Each structure stands twice: as C-alpha cells, then as structure tokens.
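>>> What follows is a predicted protein model with its sequence.
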Amino acid sequence: ENTTVVIIGAGVSGLTLATFLQKSGMPCILVERRDRAYIEMRQRAGVVDARAVRMFEQWGLADKLLFGPVAQTIDYRLNGCSRVFEVTGEDGSPGRFCTQQMLVTNLMREFIDVMKGDIRFGATDVTILNEDGICPQVNYTDVDGSHVLHCNYIIGCDGDLGVSRASIPHGVLTKYSHEFGYAWLAALVETPLTGHAIMAVSDHGFVAQLPRGPQRSRFYLQCSLGDRPQDWPDERLWDEIRLRLGDLAIENVKVHDKLFVPLRSVIHAPMQYRNLFLSGDAAHLVPPASAKGMNLALYDIDVLSQALLCAIRDNDTSALENYSDTVLPHLWNYQDFSVWMTDTMHDAGDPTQHGTFKQMTARARLDNLFNSPTAASMHSQYQRGTN
Ligand code: FAD
C-alpha cells in the first residue's frame, strides 16, 4: 500500500498532525497499537495553552475541539495562605480548558468520523525501514495479517516507549536528561475545582490541585521515588492533602486512580533521522509541574505540519531538514521553565528535603512573582506558552 505520510501513534500529537494533513488533502495513514475506546479513556493533561489555542484557531478547529477559556489565575499557596497570581497577556486568546482525554476524543471524531481519515488500530509488531536510497516503509500486523505501508515520510508520535525513536541506529541521537530524585503521586478524584488552580507549598511538602473536567480534579503530591500504591491508602492521601493545603475542612471523596510519576526531564536530539521525524514524548519529557508536556507535543506538530506541507506541496524540503533545529530552542526554553517550576515548588516546601537555605531562596523566587512586574510578566508568558 502506498501513502505520503505514515504517522505512528494516535495520541495527542499523532491525531493532531493527521487531522491537519487530512484537512490539507495530504494522504496519510495513522498506525496505533491500542483500540479507540482505550485511547479515549486515557486521562492526563487538562489545559491547552494560549499558543496551542492559536494553532487550532489558525486551522479553524479551535471551537470544534476545545472548550471555554481557562481561569487565568493560579493560587500559589504558602503554608495555607493563598496568594492568587493572575496570568496576563494581550497577545490573543487565553488558554482553553480541555482535558487531554476530551481533546483526543474530539480529534478522533474529527479525523475518523467527519474527515473519513485512515487509522489502523490494534497494530502490533510495528517496524520501520528508513534507509538511504529506499522508499521509507512501515510494517505492522493486525487481526487481518501483515501489512506493508510505503510512504515518503514517517512521523514518530508513539511516546517515550514507542518503536520510532528505538529504530534510529545507536549513536545518532544524544540523550540529555535530568532526574529530580523524587516523584509525584497523581490522584484523580471526584470533586470539581471551583476556584483557582492551586500550587501549594508547605513545610510538609508540595501539593497541587488542577481542574480535570466539570466533576473532577487531579491532586499531585510530592512523594518518594520508591513509593507504591500500598504506601498511599486513601486515608493517608486525604490526611496529606488537608495538611499540605492547610485546610482541615476538605472531605474524603472517591479516588478514581493513583499514578506515580518519577520527575525527570529528557530531550533526545536531533529529532529526525533521514525520513523519520519525532514529535512529542517520543523526543522529550518534562515534569508535570509546568503542565507543558501536551503543549510541547502540539508545538512540535505546529512546526512539523507546516514543514511537511512545504515539502510535499511545494517540493521545498528546507523547513523539514531544519525541523529539529527549529523546535529545539523552544523546547530547551520550556525545559528550563519546567525545572524552575519543579525546583521552586519543592525547594520552597519541606526543608528536610533540600535544606533551609534552598527553602528561603525558593520562597524569595515565589515572592518575586507578586513583587516584580517583570517577573510576573515573564511567568505569564511561560504559562501562556508565548515566551
Ligand atoms: P501520547 O499521548 O503518549 O501518545 C502516544 C501514542 O502512541 C499512544 O496512543 C500509544 O498507544 C501509541 N503507541 C505507543 N507505542 C506504539 C507502537 N509501538 N506502535 C503503535 N502505537 C504506539 N501535559 C500537559 O501539557 N499538562 C499536564 O497537566 C499534563 N499532565 C500529565 C499528567 C500525567 C499523569 C501524565 C502521565 C502526563 C501528563 N502530561 C501533561 C504529559 C502529556 O500527557 C504528554 O506529554 C502527551 O500525552 C504527549 O503526547 P504524545 O502524542 O507525544 O504521546
């Protein structure tokens, strides 16, 4: 079978690219190892930042895919005392509220049901042939047997553990990584966040509460790297939330899931090899403190979709050849923001973790957001994704 672009992975980046290409009349096939129901159930990020909103607006898709504007406020709470930071900025729309699960579900509807796009679910044993002088090829197996897809370009959107990056010969990519030495317990609970998003620093450690739909929110609690679900029964979870938020009135409600996320930052560069291009978690990871993982995946697709269109439509491959060099400065900039957020939120909290000197300098950094218009403006731009 022949097509122009094969995309591996129908997560947020793969589906966004497929939808843009399909809208442009560019033949593409999406190959995904899971089924549709599984993908539509996967709950992760919650907010599409202002930069990504602008991209969807330019494609005429924002109102079809996203919900209303997010509250432009963050409660940076310190030992139970609220301090509300206002995200400012006059450069276009604010971020939009839309869980990753809803964005993926809406993209799926747009690509498959509305645009009649070609997606191959349940694909196993996906392999890539990407050698000089040979037409790029993706092979996979499904319930009907083995399949071979010939194409011009292969796009790896299959996350950190996918096959795309793993297919690149050893020594081509450099891995840059940083381990923070602690983890977050992410708990999805049946209680809406009615006020501001909360990032709370306390002497007992860090906790965040972020919106996840009209009925639910997600708590993130700093915990030890080796912690397991049995270390965190619901009673302990709620006791720690009350303690760290400084709010004894919070009641225990239903907990839907608990995930442990080791905090780390990674970039694999360059993000391309011959006719294979990597996007999203396949090329980079950021700790969740910055809420940028999904938004950086969308940034890659913004650049890559335009570069692919220039190459295929106009026969101009220069943007594609420069893809990695174009996106990496932005990715490093947001890695730095993620490290800033993660270090500040943790160092400012429990002094037994990183010492009282680090605690006081981190608290000074937080104070700066409220005392310095320059620091506040820069922080707003990072939150909006427009820096
Ligand atoms: P994914 O969404 O992971 O999609 C990869 C796809 O590839 C999947 O569908 C997978 O099934 C498929 N696949 C994998 N291997 C293969 C294979 N061999 N063959 C075929 N298909 C394959 N980001 C934010 O911006 N804000 C947040 O608040 C936020 N919170 C998060 C909370 C949690 C608990 C987690 C885990 C992540 C969070 N993120 C957040 C990060 C965000 O979810 C990811 O950065 C984002 O999903 C990356 O998108 P992607 O398309 O690159 O990968």
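Thanks, I have it. Numbers count the residues shown, from 1 in each chain.

>>> can we go C-alpha only for contacts and neighbour counts from here?
OK.

>>> what's the helix or strand for the closest residue to residue 276 other than its chain neighbours?
Distances taken as C-alpha to C-alpha, 6 or more residues apart in numbering place residue 154 nearest to residue 276, at 4.8 Å, with adjacent residues excluded. Applying DSSP states H and E as the criterion places residue 154 in strand 153-156.

>>> Contacts for that strand next, please.
For strand 153-156, contacts defined as C-alpha atoms under 8 Å, 6 or more residues apart in numbering pick out 4-9, 14, 136-138, 164-165, 275-279, 282.

>>> now for the one helix or strand residue 306 maps to, which elements pack on it?
Residue 306 is part of helix 293-314, with elements assigned from DSSP H and E. The contact analysis (3 or more C-alpha pairs under 8 Å, 6 or more residues apart in numbering; DSSP states H and E) places helix 293-314 against helix 12-23, helix 50-58, helix 318-321, helix 323-347.

>>> One more pass at 10 Å, please.
Here helix 293-314 touches helix 12-23, strand 47-48, helix 50-58, strand 153-156, strand 276-278, strand 284-285, helix 318-321, helix 323-347, going by 3 or more C-alpha pairs under 10 Å, 6 or more residues apart in numbering; DSSP states H and E.

>>> so can I have a markdown table of the ones you listed showing mean neighbour count, distance to residue 112 and mean pLDDT?
Converted to a markdown table, the helices and strands packed on helix 293-314 look like this (neighbours: other C-alpha atoms under 10 Å; distance: least, C-alpha to C-alpha, whole Å; pLDDT from 0 to 100):
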| stretch | mean neighbour count | distance to residue 112 | mean pLDDT |
| --- | --- | --- | --- |
| helix 12-23 | 24 | 9 | 98 |
| strand 47-48 | 26 | 22 | 88 |
| helix 50-58 | 20 | 18 | 94 |
| strand 153-156 | 24 | 19 | 98 |
| strand 276-278 | 26 | 23 | 98 |
| strand 284-285 | 24 | 28 | 98 |
| helix 318-321 | 17 | 27 | 98 |
| helix 323-347 | 19 | 28 | 97 |
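
>>> Ok, which of those comes nearest the ligand?
helix 12-23 (3.7 Å; C-alpha to the nearest ligand atom).

>>> does the closest one come close to the ligand?
Yes. Using C-alpha under 6 Å from any ligand atom, helix 12-23 comes into contact with the ligand via 12-14.

>>> Just give me the closest of these to residue 74.
Distance to residue 74 across those (C-alpha to C-alpha) is lowest for residue 12, with 25.0 Å.

>>> Surely that closest one is in contact with residue 48?
No. Proximity of residue 12 to residue 48 does not meet the contact threshold set by C-alpha atoms under 10 Å, at 11.2 Å.

>>> between those two, what contacts are shared?
When contacts are counted by C-alpha atoms under 10 Å, 6 or more residues apart in numbering, residue 12 and residue 48 are jointly contacted by 100, 103, 294-295, 298.

>>> Go back to those residues and keep what's next to the ligand.
When C-alpha under 6 Å from any ligand atom is applied, the members of the shared contacts of residue 12 and residue 48 adjacent to the ligand are 294-295.

>>> Reformat the shared contacts of residue 12 and residue 48 as CSV; add pLDDT and neighbour count.
Formatted as CSV, the shared contacts of residue 12 and residue 48 follow (pLDDT from 0 to 100; neighbours: other C-alpha atoms under 10 Å):
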residue, pLDDT, neighbour count
100, 89, 23
103, 95, 25
294, 96, 24
295, 96, 23
298, 98, 26
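
>>> from the shared contacts of residue 12 and residue 48, which is closest to the ligand?
Nearest to the ligand among these is residue 294, at 3.5 Å by C-alpha to the nearest ligand atom.

>>> who touches the nearest residue to that closest one once chain neighbours are set aside in this structure?
Distances taken as C-alpha to C-alpha, 6+ apart place residue 45 nearest to residue 294, at 6.7 Å, with adjacent residues excluded. Contacts for residue 45 (C-alpha under 10 Å, 6+ apart) come out as 98-103, 210-212, 218, 288, 291-295.

>>> Could you report the separation of residue 45 from the ligand?
Distance from residue 45 to the ligand, counting by C-alpha to the nearest ligand atom, to the nearest Å: 3 Å.

>>> Specify the local secondary structure of that residue.
coil (DSSP: H, G, I helix; E, B strand; the rest coil).

>>> what packs against the helix or strand of the chain with the lowest mean pLDDT?
In the chain, the helix or strand scored least confidently by mean pLDDT, DSSP states H and E is strand 96-97, which has a mean of 80. In terms of contacts (3+ C-alpha pairs under 10 Å, 6+ apart), strand 96-97 is packed against strand 47-48, helix 50-58.
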